[in-house]
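Peer 1: this one's sequence-less:
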Ligand SMILES: NC(=O)c1ccc[n+]([C@@H]2O[C@H](COP(=O)([O-])OP(=O)(O)OC[C@H]3O[C@@H](n4cnc5c(N)ncnc54)[C@H](O)[C@@H]3O)[C@@H](O)[C@H]2O)c1
Ligand SMILES: [Zn+2]
């Protein structure tokens, strides 16, 4: 008699969603949003809960009225249940009460798997609303409307969400594909300069890993981007989002392996964000993390001095301050490497570059060399030179 038996279970699920680029999504005469909701309709009308970033609401005083008027006009398709406003920025991911508020709103408004949560905001609010939508009823449909550069070119177009727990960045989260993403350019006009610039870091990151021509574009247009040239920024967002989407589709969308090839500069970025009490924006921390890891790659003999200067010079020209924050204790910062490994599991894999467009994985980081990399970066910030 056999001691055990097994049943082999196996199935494939394919995922697809569209990322749209448009303007004036809630203009009274623009049917696009209504048609999107209609495309999923198997009850009539579809219940919709909006979760809006307070920072967006403050800068777009008529947004809620526009949404109400829009939903009234298309009432045969959209049943507006409620508009919930939550604080924007990292506090959205740090405060468990806010998750509770989102879940309560989903519950009390009868949002089910045939309804929609529509999240409008920066990456933090999209992460919060996405986590609530991804876990309530084991996942209700989500439309993301990202409103910052970083959310439009990176965080809002992917398949992940995450909130912070016990001071650990993105400790709680799910992989959950959105129903659709709508990047509406008109939101970008009200960003303050920090949030305008911050998202450029993710574009530099993906360009350095995958696309030398895109890096050249950023380098040649860094001053226009810094000076808020909207057309240049639209191209940057479009190309960056496309590269992220290509990567997700072609690789390991649910991160089952031990490497996260798009996370160049991120082990240090995540740690610096939490060490500074989230005073740094994610993109600002990513720029510092890229600069630090590029210095490390240079000291490891992987990257030439010329390319290093190109990378950190371009980041600076885009408006980034690359100095490591004074409150960043070295040994505490280096703990970020083990936390990064633990988050993914398995063997440590940190992606560096050996040239523009040429990623390389390393499986250990030497603390002494990292310390030298910090000194190299400091020298560059103070004297604009690299030895
Ligand atoms: N889920 C993912 O895959 C993923 C990927 C990358 C980053 N992220 C997360 O994204 C977050 C960072 O997102 P972010 O850079 O968009 O910043 P953010 O969400 O922290 O927003 C920054 C500030 O901008 C305000 N704001 C948003 N849109 C505005 C607008 N149109 N006009 C005026 N003010 C506006 C917000 O209220 C907030 O005060 C981090 O928590 C990061 O971890 C997630
Ligand atoms: Zn990032």
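Peer 2: Sure thing, it's come through. Quantities reported herein were computed from a predicted structural model and do not represent experimental measurements. Ligands and ions are numbered 1, 2, ... in the order given.

Peer 1: Just to be sure, residue 119 is in a strand?
Peer 2: Yes: per DSSP: H, G, I helix; E, B strand; the rest coil, residue 119 lies within a strand segment.

Peer 1: Which residue, neighbours along the chain excluded, lies closest to residue 38?
Peer 2: residue 77 (4.9 Å; C-beta to C-beta, 6 or more residues apart in numbering). Yep, even glycine has a C-beta here, placed from its N, CA and C like the rest.

Peer 1: Tell me who's in contact with that neighbour.
Peer 2: For residue 77, the contacting residues are 34, 37, 38, 41, 44, 45, 46, by C-beta atoms under 8 Å, 6 or more residues apart in numbering.

Peer 1: So it versus residue 95, what's the distance?
Peer 2: Residue 77 sits 34 Å away from residue 95, going by C-beta to C-beta, to the nearest Å.

Peer 1: quick one: the helices in the stretch 201-350 of the chain?
Peer 2: 212-220, 222-226, 230-250, 266-275, 282-299, 305-317, 330-344 (DSSP state H, counting those that start in this stretch).

Peer 1: hey, which of those is tucked in deepest?
Peer 2: Greatest average neighbour count among the helices of the stretch 201-350 of the chain goes to helix 282-299 (a mean of 26), per mean count of other C-beta atoms under 10 Å.

Peer 1: now that helix, how far from the centre of its chain.
Peer 2: Taking C-alpha atoms, centre = their mean, to the nearest Å, one finds helix 282-299 lying 17 Å from the centre of the chain it belongs to.

Peer 1: Only the buried subset of the contacts of residue 77, as a ChimeraX command please.
Peer 2: Applied in ChimeraX, the following selects the buried portion of the contacts of residue 77 according to 16 or more other C-beta atoms under 10 Å:
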select :34,37,38,45,46
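
Peer 1: So residue 367 sits against residue 336, correct?
Peer 2: No: Residue 367 is not in contact with residue 336 according to C-beta atoms under 8 Å; the separation is 11.7 Å.

Peer 1: just checking, next helix/strand downstream of the host helix or strand of residue 67?
Peer 2: Assigned by DSSP states H and E, residue 67 belongs to helix 63-73. Next in sequence after helix 63-73, counting helices and strands by DSSP H and E, comes strand 78-86.

Peer 1: ok, and what's touching whatever helix or strand comes next after that next one?
Peer 2: Counting by DSSP H and E, the element after strand 78-86 in chain order, helix or strand, is helix 91-94. Helix 91-94 is contacted by residues 53, 86, 98, 121, 124-125, 127-128, 162-164, 170, 278 when judged by C-beta under 8 Å, 6+ apart.

Peer 1: and which of these is nearest to residue 386?
Peer 2: Using C-beta to C-beta, residue 278 comes nearest to residue 386 of those, at 29.9 Å.

Peer 1: Would you mind measuring from the closest one to residue 60?
Peer 2: Relative to residue 60, residue 278 is positioned 24 Å away (C-beta to C-beta).

Peer 1: and the gap between residue 152 and residue 305?
Peer 2: Applying C-beta to C-beta to residue 152 and residue 305 gives a distance of 34 Å.

Peer 1: Give me every residue in the stretch 101-250 of the chain lying close to ligand 1.
Peer 2: Residues of the stretch 101-250 of the chain found near ligand 1 (C-beta under 6 Å from any ligand atom) are 121-125, 127, 147-148, 150-151, 154-155, 158, 160-162, 187, 190-191, 195, 198.

Peer 1: Among these, which ones are in helices?
Peer 2: Residues of these located in helices (DSSP state H): 123, 124, 125, 127, 150, 195, 198.

Peer 1: any idea which of the residues you listed is closest to residue 210?
Peer 2: Closest approach to residue 210 among these (C-beta to C-beta): residue 150, at 17.7 Å.

Peer 1: close enough to count as contact, the closest one and residue 282?
Peer 2: Yes: counting by C-beta under 8 Å, residue 150 does reach residue 282; the two are 6.5 Å apart.

Peer 1: Overlap in contacts, those two.
Peer 2: 123, 198.

Peer 1: Find the closest residue to ligand 1 in the stretch 201-350 of the chain.
Peer 2: residue 282 (3.9 Å; C-beta to the nearest ligand atom).

Peer 1: returning to what we had before: pull out the buried residues from the residues of the stretch 101-250 of the chain next to ligand 1.
Peer 2: Neighbour counting by 16+ other C-beta under 10 Å classes 121-125, 127, 147-148, 150-151, 154-155, 158, 160-162, 187, 191, 195, 198 among those as buried.

Peer 1: quick one, what contacts the residue nearest the centre of the chain?
Peer 2: Nearest to the geometric centre of the chain sits residue 155, at 2.1 Å (C-alpha atoms, centre = their mean). By C-beta under 8 Å, 6+ apart, the contact set of residue 155 is 123, 126, 127, 146, 282.

Peer 1: Quick check: the farthest pair among those residues?
Peer 2: Maximum pairwise distance among these (C-beta to C-beta): 13.1 Å, between 146 and 282.

Peer 1: shared neighbours of these two, anything?
Peer 2: Common neighbours of residue 146 and residue 282 (C-beta under 8 Å, 6+ apart) are 123, 155.

Peer 1: So residue 360 lies in a strand, does it not?
Peer 2: Yes: applying three-state DSSP, one finds residue 360 inside a strand.

Peer 1: Which pLDDT value does the model give it?
Peer 2: Here, the pLDDT recorded for residue 360 equals 95.

Peer 1: Not counting its neighbours along the chain, what's nearest it?
Peer 2: Spatial nearest neighbour of residue 360, chain neighbours left out: residue 354 (4.7 Å); criterion: C-beta to C-beta, 6+ apart.

Peer 1: For that neighbour, give me the backbone phi and psi.
Peer 2: When read as degrees, to the nearest 10, the backbone of residue 354 gives phi -110, psi -10.

Peer 1: distance of it from residue 267?
Peer 2: Distance, residue 354 to residue 267, using C-beta to C-beta: 18 Å.

Peer 1: mind checking how far the residue nearest to residue 90 when sequence neighbours are not counted is from residue 289?
Peer 2: In this structure, residue 90 finds its nearest non-sequential neighbour in residue 278, 3.9 Å apart by C-beta to C-beta, 6+ apart. In this view, residue 278 and residue 289 are 15 Å apart by C-beta to C-beta.
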